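*Asks:* sequence first, then the predicted structure:
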Amino acid sequence: MNMTQNLTKGFFKENPVLVLALGLCPALAVTTSITNGLGMGMASTAVLIGSSTLISVIKRFIPSNIRIPIFIVIIASFVTMIDLTLQAFLPELSKSLGLFIPLIVVNCMILGRAEAYASKNSVLKSVVDALGMGIGFTIALVLISAVREFFGTGALYGYPLFQLMGIEGFKGSIMMILPPGGFLTMGLILAFMQWNKQRKEKKKEVK
Amino acid sequence: MDLSQIITAFLSVGLVGAVLGAVLAYASKVFHVAVDPKVEKIMGVLPVGNCGACGFPGCPGYAEAVVAGKADITLCTPGGQEVIDAMAEIMGVSASAALPVVAYCACNGTKENAKDRFEYYGPHNCSAAVFASGGHKACDYGCLGFGECVEACTFGAMYMMDNGLPFVDDEKCVGCAACVRACPKGIMKMMPKGSSVYLACNSKAKGKEVTDACKVGCIGCKICAIPKTTPSGAIKMEGDLPVVNYEIEDTLTGAKFKCPKACFIDKSDSKKTAEEIAAEKEAFKAKEAKAAEAAKKAALEKAAAAKEKGSVS
Amino acid sequence: MDFSNLVIIAISSIFINNFVLARFLGICPFIGVSKKLDSAVGMGMAVIFVMTMASMVTYFIQYYVLVPNDLQYLRTIAFILVIASLVQFIEMFMKKNMPPLYSALGIFLPLITTNCAVLGVAILNIDTVWADGRSYNFIESTWNGFTAGIGFTIALVLMAGIREKLELADLPESFKGLPIAFVTSALIAMAFLGFSGMSIL
Amino acid sequence: MKYTFRGGYHPPDGKSFSEKMPIDKMPAPKIAAIHLHQHIGAPSKAIVAVGDDVKVGQPLSEAGGFVSVPVHASVSGKVKAIAKVADAAGVKSDAVIIESDGKDEFFEGVGVKTDYSNFSADEIKKKISAAGIAGMGGARFPTHVKLSPPAEKKIDYIILNGVECEPYLTADDRLMQESPETIIEGMKLMMKVVNAANGIIGIEKNKPDSIRIMKEKTASEKNMKVIELEVKYPQGGEKQLIVAAIGKEVPSGGLPMDVGVVVSNVGTANAVYEAVALNKPFYERVVSVTGESIKDPKNVLARIGTPTTELIEYAGGVKEDVYKIINGGPMMGAAMYALDAPVHKGTSGILCLSRENAAVYEEQPCISCSKCVSVCPSRLLPTDIQLNVQHKRYEEAEKLGIMDCILCGTCAYVCPAKRNLVHYYNIGRAKIAEMKKKK
Amino acid sequence: MDKMLIVSANPHIRDKSSIAKIMHTVNLSLLPAVFAAYWFFGVRAIFLILVAVVSCVLTEAAIQKFRKIPVTVSDGSAILTGLLLGLNMPGNVPWWIVMLGSFFAIAIGKQAFGGLGFNIFNPALIGRAFMVASWPVEMTSNAFWTQPKTGLSMEAVSSATPLNMVKSALGSDPSLKTVDIIRDAEISYLDLFLGNVSGCVGETSFLALLIGVIILIAFGYVNWRVPVIYVGSVFVLTWIAGYDPVFHILAGGLAIGAFYMATDMVTSPVSNKGNIIFALGLGFLTFAIRIWGGYPEGVSYSILLMNCTVPIINKFTVPKKFGFVQTKKA
């Protein structure tokens, strides 16, 4: 597998949220607007890259039977760093993501990559893999939050599209930015992906 | 931030960690319970993300299920192919060295070829239809055409054709024999991947009964099994139905062209044009005529030789 | 001890701010272990147990280790360490001393380590404040952990019951598996909206 | 007091076609095909060879075990072949095919009156078994086995089943009206065999004539009573009848003898009398040939082995609109496609239905209206069982009690979604039996 | 015989009932309620009901076409969903909200689960809950409820529903008595019974809905236990808690909920025992949400919540199989 493939596989083919169903909690909880989704995605990516790099650097020195606690501590350290950084520089975002910043620790995507990839591969490969996965995670979060923001408020990234198009009477469905909307969007996106996959398979069969 | 703060931070977390570590280390000795070493080995290769994607309660649960044989080794999506391979090694599920096989449908009773004996109403699947007086097909052994085999195929290698019979895509078929187990009539069978000609009938009934029910059913005439048609001996009769032994290499062209009911089907025919098939038939006939002539000649020569011998003696 | 505070905590963490359906905590096990009713009940019991224990232990860590040393920023690291160790300890203890309970609950324990609901409840115990600015005391924290676990269990058990029924349903191909699980969660979450604004007192 | 059970449903009974028709003795057929296996249990073994001459009542086979009974020639003539013949369900099995010589001669001793008053229980049982009697209600269980409970099981009651809850069928009804004495004598014989103190005859309320006659005839017998049962299908199910008569439920997986009861069909009682008193083996029985699509509905005394086609012709043939021909009643009988299938010991009727009555419907999804649950006499959850079988989850289906189902078809009858419930039960039960065998 | 006979499993005769017959009977039994909606809320009520019915039917047909499965709108179940949804709308709600709600009800509430018979939740209520969560102002604020008017006058005057009135009055002064509040608003029990009060267009008339449900019970399409126990338990609970029980059973959507939504065959338990538990749960939840909750009305949410529990109720109320209860020797 070359580097490009290694990078891009996380975007869609092995997207951590949409295909592997990892890291669902933040993907549903903070995706009420694109700003939040993007912020969460980038924060997680930063933690992922940091921890993957460090783990793959020191992988030789970690005794295998206590590797998991060590990984968790490493990840937790990076999370704390990110948490403090956000609090200092982006207090608004930090507030709206709230609880879910510290909870990046228990995002199984990060531990999963550390265990399945970084602890077995070279530093460069691990960084690329982490970057790819992080971008994939961000893509998924932005996608979900775009759907929710658009149908929920009629706006995209804060721009009120409906009003710009001159449709005044129509109001977005507030439910989409409430908890049920998160589940629903996720379910419908997954259903769409499954449908698309089956359609392609069927096409192949007909050929 | 002054130095003392860093030291307190370091010390307190270190202390918490040390205490917990010590307790756990002690506990792991005190509470040690023997586990199947295979489980531990599998735990070693699993990602231990405990994500639950496999449907089991965490990685240990999954590892135990695998060792107990209750779960497939393919359920760990985060681990991907590497984990599957590693687990396969631990579990000793090596890729079988046997010849690759593919499934085929041993029936050519299309809607046109085979008659119905009654109209069937009920659930649209084969095993249900069998419970209504053995199924609506006049032939007791014939394909019912509801496609339960296709449903059983998890590799997308089968589909139902318009003529009411299943089609097997040899390239996709992995030889798992799920369709063989699914068919209530025992029509789906396995053959080596490279072979092309197979017997498309499963009827163990006598000649008249078969002709009453189906245009292309095997009447048990034994023509295919005689050495003249199949010199290699790859076809043997078992009761009223011939059985092909694929271990003996043979193109089975004799059986294909000489069967009076055309029960032998050549898979490669679908890729050829009508002319090509006709030409092949001609070639076979010519070859056979030649062989017959040669045999005749040989017989004559033999007779002549015998005569000569006789005259000499 | 004000009993009414406990009632408010219970109503809030079971119904109004249900951990799964409103707070999105513990989605992975919620989706993963809700295929069978029996496992769902086992998992739920294990979560209740661990959440209660974790609430108790992290309370001590916070107020007797971190706060006196002015180290609140190490909260995340300290908590996750404690929780992970706690779970592992409980698991080993159960395996040895209570095999029947272990086979019923224990197998779910590892799954809980990385369950964000547990860390979530620990952090929420510290962060939530009453109207007068007071944080949860020890009993309130423990009670919050316990009731949040009950809320999680209720959601999990309802979901498992529905998913067992859906196994036999004639679902559209594209909705089979995860998609319908999420759609169902959405509809349950919508039903739980009925509890919003509820106050018994 | 109301005699009935919980659940059940009353479909329109359609008995008017043949209930007034006296039993009509049908001439012997030209060719009779007599299956060697006409009962539950081991098949019987043929003792005649091709070419042998046989006479009416001559045994053609011997029992193949304890749970097995012989079959007897129903016509006199020559054994033409012993070959596989399809039965009403389309299953092929060995049968003795006899070509009639038209003389209808009796085998030695058949039909000779004997004084049976001094017979011991064992002697009676032996006679019953030798006569090849198997339950005539449809289950075809060998009667002598039913009458041989283990020593620790005390039998208190013989219950005669004159319920005939299947719509259309009238064979038992006619038999009760035309020969009540023999039925009562047969019951007395059975009571003697198992030493039962009481005899009960259960008859559904929609047969007032039978009830009147049986009551008159048993008036002098102290230990016998006739009970009038509510009109509800499947009142004639063995276990349902026991509940209705004595209020006890046969435990799941158990037999009537577990509650001290032996249940027998009225036809069987008649056959027992004939076997013991007249030395006449079981070679003919009453069959209702009925339905709206037959020209001349009848109750026929037909020889075992008579082809269905001849029965239909004897009843005037089918009408144009015939759509389905059923062996047995409309609720539990089997639809036939091969009309040369011969009459069996368990054939209680041949039913010709028109499209209007026997329409088949496309299945619709279950809307859990729970009608099936309220009518199920076994108190199961029919739709859950069906869905589990449909999704090949046989263990679940077994847990839900598919094996306790009596296949009566009431659930499928009432289902507004027209689901083929019984069809799935058949599949599920077969698969579970298969799985158990493997273990 | 040369004619091909039919073979299928027993039984060979079938009852004449059918799903379409059941559904259409239920639809017809709603006619009194539709008439009451027209009588009290005018043409706009009929318009809303029509929008709902047409959108439901079109959605169902479109999805079934898209899935390439037989279109089954003629069985009347989509019409029923539309009718119930339309009857559950405030009089002044914008029509496009009704349309979107109907779409959601059928697409997500029903077809995503595989269509008729497999839905876990009552589709009409899913539609309504979706609308309440999405457009709370239009669906619940006083400006969108209309004052009933007898006859054909066309102007619509907005007014709070009795439940809203009582809830907000009690919120400001808990010591008030319900009876006094409604007397001050000039609402009599008779008004509540007939439907001459503000509210959703089809829910106000207890009388019309009662006629409908009696027809259904007579046909055997509704298990009488559910409506009776549901209404009864609300009555008893509000009575014990010191509220006005008669007001609580007559006001709001309890009638349409108890008579039509809770009794939906698909989403209610199978056994009688299950139905009793189901109805008791409904009664308690409705009481809890009305009295303690943030909403003045709790019927639709309680039914949705109990719908979630139906699979579990079914699991634990399996009837005792024949032969497992040994009756004592007589």
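*Replies:* Received it, and whenever you're ready, just let me know what you need. Residues are numbered from 1 along each chain as shown, chains lettered A, B, ... in the order given.
*Asks:* which residues of chain A fall in helices?
*Replies:* A:3-8, A:24-29, A:34-58, A:67-89, A:91-97, A:108-113, A:123-153, A:161-165, A:179-206 (DSSP state H).
*Asks:* cool, and chain B?
*Replies:* B:3-30, B:37-45, B:58-67, B:80-91, B:126-130, B:148-152, B:178-182, B:207-213, B:253-258, B:274-312.
*Asks:* from the contact counts, what lies against the fourth one?
*Replies:* Spelled out, it's helix B:80-91. Helices and strands touching helix B:80-91, by 3 or more CB pairs under 8 Å, 6 or more residues apart in numbering or on different chains; DSSP states H and E, are helix B:37-45, helix B:58-67. All C-beta spots, glycine's among them, are computed from the backbone N, C-alpha and C.
*Asks:* tell me the mean pLDDT over that helix?
*Replies:* For helix B:80-91, mean pLDDT rounds to 74.
*Asks:* circling back: right, so the helices and strands packed on helix B:80-91: which one is the most enclosed?
*Replies:* helix B:58-67 (a mean of 24; mean count of other CB atoms under 10 Å in any protein chain shown).
*Asks:* pick out the residue of chain A closest to chain B.
*Replies:* residue A:112 (3.7 Å; CB to the nearest CB).
*Asks:* so that residue versus residue C:81, what's the distance?
*Replies:* Applying CB to CB, to the nearest Å, the value for residue A:112 to residue C:81 is 19 Å.
*Asks:* what about the helices in chain D?
*Replies:* D:121-130, D:143-146, D:171-178, D:180-194, D:208-218, D:238-246, D:266-277, D:308-314, D:371-375, D:382-390, D:394-399, D:410-414, D:421-438.
*Asks:* thinking again about what came up before, ok, which of the helices and strands packed on helix B:80-91 comes nearest residue C:126?
*Replies:* helix B:58-67 (27.1 Å; CB to CB).
*Asks:* pLDDT on the closest one, on average?
*Replies:* 77.
*Asks:* how far off centre is it?
*Replies:* Chain-centre distance of helix B:58-67: 29 Å, with CA atoms, centre = their mean, to the nearest Å.
*Asks:* how about the helices of chain A in a markdown table, adding mean neighbour count and distance to chain D?
*Replies:* Below are the helices of chain A laid out as a markdown table (neighbours: other CB atoms under 10 Å in any protein chain shown; distance: least, CB to the nearest CB, whole Å):
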| stretch | mean neighbour count | distance to chain D |
| --- | --- | --- |
| helix A:3-8 | 14 | 39 |
| helix A:24-29 | 27 | 28 |
| helix A:34-58 | 22 | 39 |
| helix A:67-89 | 19 | 37 |
| helix A:91-97 | 15 | 43 |
| helix A:108-113 | 28 | 31 |
| helix A:123-153 | 22 | 31 |
| helix A:161-165 | 13 | 39 |
| helix A:179-206 | 18 | 20 |
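*Asks:* please pull out the lowest mean pLDDT helix or strand from chain C.
*Replies:* helix C:109-113 (a mean of 67; mean pLDDT, DSSP states H and E).
*Asks:* next secondary structure after that one?
*Replies:* Sequence order places helix C:116-127 as the next helix or strand after helix C:109-113, per DSSP states H and E.
*Asks:* and that next one, what does it pack against?
*Replies:* Helix C:116-127 packs on helix C:37-60, helix C:75-97, helix C:138-166, going by 3+ CB pairs under 8 Å, 6+ apart.
*Asks:* and these: which comes nearest chain D?
*Replies:* Across these, closest to chain D is helix C:138-166 (CB to the nearest CB), at 9.3 Å.
*Asks:* so residue D:195 touches residue D:157, yeah?
*Replies:* No - using CB atoms under 8 Å, residue D:195 is not in contact with residue D:157, being 11.6 Å away.
*Asks:* looking at those two, which is more packed in?
*Replies:* residue D:157 (21 against 10; other CB atoms under 10 Å in any protein chain shown).
*Asks:* thought the more buried one was touching residue D:246?
*Replies:* Yes - the criterion here is CB under 8 Å, and residue D:157 meets it with residue D:246 at 6.4 Å.
*Asks:* which residues do those two both contact?
*Replies:* D:200, D:261 (CB atoms under 8 Å, 6 or more residues apart in numbering or on different chains).
*Asks:* ok and the residue in the stretch 101-250 of chain D nearest chain B?
*Replies:* Distance from chain B to each residue of the stretch 101-250 of chain D (CB to the nearest CB) is smallest for residue D:138, at 17.4 Å.
*Asks:* distance of that residue from chain C?
*Replies:* 32 Å (CB to the nearest CB, to the nearest Å).
*Asks:* for that residue, grab phi and psi.
*Replies:* Main-chain dihedrals, residue D:138, degrees, to the nearest 10: phi 130, psi -30.
*Asks:* OK, contacts around the nearest residue to it once chain neighbours are set aside?
*Replies:* Spatial nearest neighbour of residue D:138, chain neighbours left out: residue D:346 (5.2 Å); criterion: CB to CB, 6 or more residues apart in numbering or on different chains. Taking CB under 8 Å, 6+ apart, we find residue D:346 in contact with D:38, D:134-140, D:328.
*Asks:* let's see it at 10 Å
*Replies:* Residue D:346 makes contact with D:38-40, D:88, D:134-141, D:265, D:285, D:327-328, according to CB atoms under 10 Å, 6 or more residues apart in numbering or on different chains.
*Asks:* could you check how far residue E:323 is from chain B?
*Replies:* Counting by CB to the nearest CB, the gap from residue E:323 to chain B is 25 Å.
*Asks:* again, but for residue C:51
*Replies:* 16 Å.
*Asks:* what's the answer for residue E:36, then?
*Replies:* Distance from residue E:36 to chain B, by CB to the nearest CB: 45 Å.
*Asks:* so that residue is in which element?
*Replies:* helix E:31-41.
*Asks:* could I have the CA atoms of that helix written out in CSV?
*Replies:* The C-alpha coordinates for helix E:31-41 follow below in CSV (Å, rounded to 0.1, in the frame of the first residue of the first chain):
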residue,chain,number,x,y,z
LEU,E,31,-66.3,10.0,10.1
PRO,E,32,-68.2,11.4,13.2
ALA,E,33,-64.9,12.9,14.3
VAL,E,34,-64.2,14.4,10.9
PHE,E,35,-67.7,15.8,10.9
ALA,E,36,-67.2,17.2,14.4
ALA,E,37,-64.0,18.8,13.2
TYR,E,38,-65.9,20.5,10.4
TRP,E,39,-68.7,21.5,12.6
PHE,E,40,-66.5,23.2,15.2
PHE,E,41,-63.5,24.3,13.2
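*Asks:* average pLDDT across that helix?
*Replies:* Helix E:31-41 comes out at a mean pLDDT of 91.
*Asks:* check which residues of that helix are buried.
*Replies:* E:32-34, E:36-41 (16 or more other CB atoms under 10 Å in any protein chain shown).
*Asks:* I'd like to know which elements that helix is packed against.
*Replies:* Applying 3 or more CB pairs under 10 Å, 6 or more residues apart in numbering or on different chains; DSSP states H and E, we find helix E:31-41 packed against helix E:43-66, helix E:77-87, helix E:189-194, helix E:206-219.
*Asks:* and the gap between residue E:252 and chain D?
*Replies:* Distance from residue E:252 to chain D, counting by CB to the nearest CB: 28 Å.
*Asks:* which residues are in contact with the residue lying closest to residue A:177 once chain neighbours are set aside?
*Replies:* Leaving out its chain neighbours, the residue that sits closest to residue A:177 by CB to CB, 6+ apart is residue A:152, at 3.8 Å. Going by CB under 10 Å, 6+ apart, residue A:152 touches A:32-33, A:145, A:172-178, A:181, A:185, E:134.
*Asks:* could you redo the last one with a cut-off of 6 Å?
*Replies:* A:172, A:176-177 (CB atoms under 6 Å, 6 or more residues apart in numbering or on different chains).
*Asks:* closest to residue D:304 out of the residues you listed?
*Replies:* residue A:176 (74.2 Å).
*Asks:* let me know how buried that closest one is, in neighbour terms.
*Replies:* Neighbours around residue A:176, by other CB under 10 Å: 21.
*Asks:* test my guess that residue A:11 contacts residue A:136.
*Replies:* Yes - using CB atoms under 6 Å, residue A:11 is in contact with residue A:136, at 4.9 Å.
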